[in-house]
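Asker: Generate coordinates for the sequence data below:
(one chain, ligands or ions: 1)
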Amino acid sequence: MARANVVGMSQALDLIDLRSDTVTKPTPEMRKAMAQAEVGDDRYGEDPTVRRLEELYAEIVGKEAALYVPSGTMANQVALRTWTQPGSVVLAGKNQHLVQFERAGAAKNSNIQFGLIREVDGELQVGDLCEELLIQRHFGLDVSLVCVENTHMPSGGRPWKIDHLAELKSAIGKIPLHMDGARLFNAAIASGVKPIEYTSKVDSVMSCVSKGLSAPVGSILAGGDEFIARARVERQILGGQMRQAGVIAAAAIVALETMVERLAEDHRRAKVLALAVSERYPDCGLDVVSVSTNIVVFDHKDPNSFLDHLNKNAILAGTISPGKLRLVTHKDLDDSSIDRACQVISNAP
Ligand SMILES: Cc1ncc(COP(=O)(O)O)c(C=O)c1O
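Answerer: Now for the predicted structure:
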């Protein structure tokens, strides 16, 4: 575990980093696989390790094909460019990553307009969605895509209920459905719904291997053969075409093969943190029962005072919007670091 090296932090304590699951370091097995990876120029389809990763993910999510891209943001942006036409409308949750956290990339890269749907516990409500569809059609606009996020980060990493997803899919008829499954595997572990069951309800899906699964780089986008062939071109347009990417794809394969089941540990630890938060701040809008994956989100009237208190104790956390704090568990934390974090939270301002 890293030593505290942030100015002003206690230098004697090990650093506990609760900012994100993206801070995870590759495992020794990943590093070994990276060193030994067989590679080639992926532009010519000649990197056998990238090909193996794409085939593996496509199989896990039950799609015809997949495409390895450098980041989750690029996976979403490529999906938007592939599914939509400029001037069309994409219906998505108001707080989803591709709406709020991608620097208006959807407008710049795809020239689309979002129709924003209210989220309840991280899910789009079918009634609201159908109403919005009617409105957009009334004004003669083309709704080219609907997007969901599973798990839904801003609601505290909530997994979708499979019945709700199925209902939504049948309500939108022929309009394609894209899933930002950056943390699809967390959703699957927490809900007991297999990734392939979730993805049978969507037309395209992306997952990040660089978050809880701890690979150093990348996300994978999957869909039908024709969709992925077009997505490959869009990836190139966005500058995401890679060459001997087998070096990083090798770690991604280890991530998919060995790091999924252990996510349950992160979920258990997030629950422990959530209990500490709700004991300290009973009115912070946190329902401990709803914390089923690795993310704890809660309200605080002065987030900086909370973050400063944590920093002084060599703990890092962050905000996701004004007045909303986030703690994220991951494989580079253990029970004793969570216990210490709980102790520090118990006397936070
Ligand atoms: C739900 C969700 N989607 C997409 C992304 C983007 O992933 P990346 O950071 O690899 O661009 C994130 C990143 O935190 C995320 O939480």
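Asker: and the stretch 1-150 of the chain, which residues reach the ligand?
Answerer: Residues of the stretch 1-150 of the chain that fall close to the ligand, judged by CB under 6 Å from any ligand atom: Ser71, Gly72, Thr73, Asn76, His97, Glu149. Bear in mind the C-beta positions are built from the backbone N, C-alpha and C, glycine included.
Asker: Make JSON lines from these and add secondary structure and pLDDT to it.
Answerer: Output for these, formatted as JSON lines (DSSP: H, G, I helix; E, B strand; the rest coil; pLDDT from 0 to 100):
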{"residue": "Ser71", "secondary structure": "coil", "pLDDT": "98"}
{"residue": "Gly72", "secondary structure": "helix", "pLDDT": "98"}
{"residue": "Thr73", "secondary structure": "helix", "pLDDT": "98"}
{"residue": "Asn76", "secondary structure": "helix", "pLDDT": "98"}
{"residue": "His97", "secondary structure": "helix", "pLDDT": "98"}
{"residue": "Glu149", "secondary structure": "strand", "pLDDT": "98"}
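Asker: Between those residues, which sits nearest the ligand?
Answerer: Gly72 (2.4 Å; CB to the nearest ligand atom).
Asker: and the closest one, how many neighbours?
Answerer: Neighbourhood size, Gly72 [other CB atoms under 10 Å]: 27.
Asker: what ranges do the strands span in the protein?
Answerer: Remark: strands assigned in the chain by DSSP state E are 16-17, 65-69, 89-93, 113-117, 119-120, 123-124, 143-149, 177-180, 204-208, 219-223, 295-299, 315-316, 318-321, 324-328.
Asker: Can you tell me which of the ones you listed is nearest to Met242?
Answerer: Minimum separation from Met242 across the strands of the chain (CB to CB) falls at strand 65-69, 7.4 Å.
Asker: now the angle from the closest one to strand 219-223?
Answerer: 160 degrees (axes from the mean of the first three to the mean of the last three CA atoms, to 10 degrees).
Asker: what packs against strand 65-69?
Answerer: Contact partners of strand 65-69 among helices and strands, from 3 or more CB pairs under 8 Å, 6 or more residues apart in numbering; DSSP states H and E: helix 48-61, helix 72-83, strand 219-223, helix 225-237.
Asker: Kindly recompute the last result at 10 Å.
Answerer: Judged by 3 or more CB pairs under 10 Å, 6 or more residues apart in numbering; DSSP states H and E, strand 65-69 is in contact with helix 48-61, helix 72-83, strand 204-208, strand 219-223, helix 225-237, helix 246-258.
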